[in-house]
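[1] Build the 3D model from these lines:
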Amino acid sequence: FLGGSDSDHCCSIAVDPARAVYLTGDTASIDFPTKNPYQSSQGGSAAAFLVKFDSSGATLLYSTYLGGNGTSLGKGLAVDSSFRAFVLGQTYSPDFPTVSPYQSSLSGMSNLFVTRFSSAGSTLDFSTYLGGSNFEIAEGIALSPDGSAIVAGTTGSADFPTRSSYQASLRGDFDALVSRLSSSGSALLFSTYLGGAGGDVAVSLARNSLGDAFVAGATNSPDFPTRNAYQATLNGEADLFLSRFSSSGSDLVFSTFLGGTGYELTLNALGLDGAGRGFIAGKTGSDDFPTLHPYQSSRQGSNPDAFLTVFASGGSTLDYSTYLGGSGTDIGLALAIHPFGGVLVAGTTASDDFPTASAFQPTLAGGEDAFISLFNAQAAGVSRAPP
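    Have a look, this model is predicted:
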């Protein structure tokens, strides 16, 4: 367990080259356990936190609050080769701690924050707000070899800071955002909106070896920007999107919808393999969700099913796509690429007929259980074998 006498939520996890484990999230506990902290007390109604365990999980190496007098939420986490943790979040605090910031003050109701801790966890290398006069929601962070940090989220601010942007202005009530901060945290290398006339939400981010940023999310904008698309039009009330930005941030390599005539949602389930393919999981309420060589070719009942879709590296074709679920509601919440050529999908299910194979737990134990499924996904393609 990890927590105090009030609510504690973990939102992101990372592992460093020495296999130490880092967590970030938010806590309302005034007695959340701290060790060698940068900030020893909570301050607001909820503060972000950063925790580092050793590889055994038995020893707390450091633990600290991060926030001001308002609410602060840790949402994304990455660790570099020098064991420095980067925390991405959103804050409502006008006194959130800043060090060598690109933006030194809160501009709206909530802004993003990006904070880099020293390897010891007890000092900040840099910490900055990032946002405009309305609101921002934080989602994903990825690091580049040069030490810069790419972040993704959602903004409702017409004055969100942009630089070398693909899209320089807000087009709907809220758009996705992608920004890249310099290694010092004091400058923007690029920053752009991404969206159409409806609502567009970025929920996951990944970076390939070329430095290109892949962003996944959901949209109900029929004019969402597409390029070299597998699916060029909005098919339902809300579809997924997957967009790949060039390393400069000023151009789209590809951008595509993904969905059927119902609705789709993805959360933090995006991954890239060594061949440049994009793996995405989530849930779908569509009977006509696109499938290719599926393990499961149709939705099982009237409730949403999980799905797994694999895009070819160019984004304009699929390598594989399948439903995954039973007669209850099934949601894919996370995925990971296995180093020996598979993909793990994890989530929640309320289906007593959820497909199982070689199962530790073959039956539904409660109203809703977790699930984990391993698909065979060799670089040459994804097999039709069951999970």
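[2] Leaving out sequence neighbours, find the closest residue to Thr27.
    Asp8 (4.5 Å; Cβ to Cβ, 6 or more residues apart in numbering). Where you see a C-beta, it was placed from the backbone N, CA and C, and this is true even at glycine.
[3] What's the local residue count around that neighbour?
    Using other Cβ atoms under 10 Å, Asp8 has 18 neighbouring residues.
[4] ditto for the one 4 residues further on
    Burial measure for Ser12: 20 neighbouring residues, criterion other Cβ under 10 Å.
[5] and Ser118, what is it in contact with?
    By Cβ atoms under 8 Å, 6 or more residues apart in numbering, Ser118 lies in contact with 84, 124-125.
[6] In strands, which of the residues you listed appear?
    Mapping the contacts of Ser118 onto strands (DSSP state E) picks out 124-125.
[7] Closest one of the contacts of Ser118 to Ala370?
    Nearest to Ala370 out of those is Arg84 (Cβ to Cβ; 31.7 Å).
[8] out of the contacts of Ser118, who has the most neighbours?
    Highest count within those by other Cβ under 10 Å belongs to Leu124, 20 neighbours.
[9] sorry, back to before: take the contacts of Ser118 and lay them out in TSV including pLDDT.
    Output for the contacts of Ser118, formatted as TSV (pLDDT from 0 to 100):
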residue	pLDDT
Arg84	97
Leu124	98
Asp125	98
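[10] Need the contacts of Ser118 in JSON lines (columns: distance to Phe174).
    Converted to JSON lines, the contacts of Ser118 look like this (distance: Cβ to Cβ, whole Å):
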{"residue": "Arg84", "distance to Phe174": "31"}
{"residue": "Leu124", "distance to Phe174": "30"}
{"residue": "Asp125", "distance to Phe174": "31"}
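[11] Could you report the neighbour count for Gly131?
    With other Cβ under 10 Å as criterion, Gly131 counts 29.
[12] which residues touch it?
    Contacts of Gly131 (Cβ under 8 Å, 6+ apart): 103, 106-108, 110-112, 155, 157, 160-161.
[13] Could you export the residues you listed as CSV, including pLDDT, distance to Val310 and secondary structure?
    CSV is the format used below for the contacts of Gly131 (pLDDT from 0 to 100; distance: Cβ to Cβ, whole Å; DSSP: H, G, I helix; E, B strand; the rest coil):
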residue, pLDDT, distance to Val310, secondary structure
Gln103, 98, 38, coil
Leu106, 98, 41, coil
Ser107, 97, 39, coil
Gly108, 95, 38, coil
Ser110, 98, 35, strand
Asn111, 98, 35, strand
Leu112, 98, 30, strand
Thr155, 98, 30, strand
Ser157, 98, 34, coil
Phe160, 98, 32, coil
Pro161, 98, 35, coil
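[14] hmm, back to that, surely the residue nearest to Thr27 and Ser29 touch.
    Yes - with contacts counted by Cβ atoms under 8 Å, Asp8 reaches Ser29, the gap being 5.7 Å.
[15] picking up where we left off before, check the contacts of Gly131 and tell me the two furthest apart.
    Across the contacts of Gly131, no pair lies farther apart than Ser110 and Pro161, at 15.0 Å, counting by Cβ to Cβ.
[16] Comparing those two, which residue is more hemmed in?
    Ser110 (26 against 18).
[17] least trustworthy helix or strand in this structure by mean pLDDT?
    The helix or strand with the lowest mean pLDDT-type score in the chain, counting by mean pLDDT, DSSP states H and E, is strand 381-382 (a mean of 48).
[18] that older thread, looking at the contacts of Ser118, which one is closest to Thr71?
    Using Cβ to Cβ, those come closest to Thr71 at Leu124, 19.5 Å.
[19] close enough to count as contact, that closest one and Tyr38?
    Yes - in this structure, Leu124 is within contact of Tyr38 by Cβ under 8 Å, at 6.3 Å.
[20] shared neighbours of these two, anything?
    Taking Cβ under 8 Å, 6+ apart as the criterion, Leu124 and Tyr38 both touch Phe117.
[21] Next up, phi/psi of the residue nearest to Asp251 when sequence neighbours are not counted, please.
    The shortest distance from Asp251 to any non-neighbouring residue, by Cβ to Cβ, 6+ apart, is to Tyr166 (6.2 Å). Main-chain torsions, Tyr166, degrees, to the nearest 10: phi -70, psi -40.
[22] which ones are touching Tyr166?
    192, 194, 225, 245, 249-252.
[23] make it 10 Å
    178, 190-194, 225, 227, 243, 245-246, 248-252, 255 (Cβ atoms under 10 Å, 6 or more residues apart in numbering).
[24] partners of the closest residue to Leu270 other than its chain neighbours in the sheet?
    Nearest residue to Leu270 in three dimensions, chain neighbours excluded: Ser204, at 3.8 Å (Cβ to Cβ, 6+ apart). For Ser204, the residues forming beta bridges with it (DSSP bridges) are Ala216.
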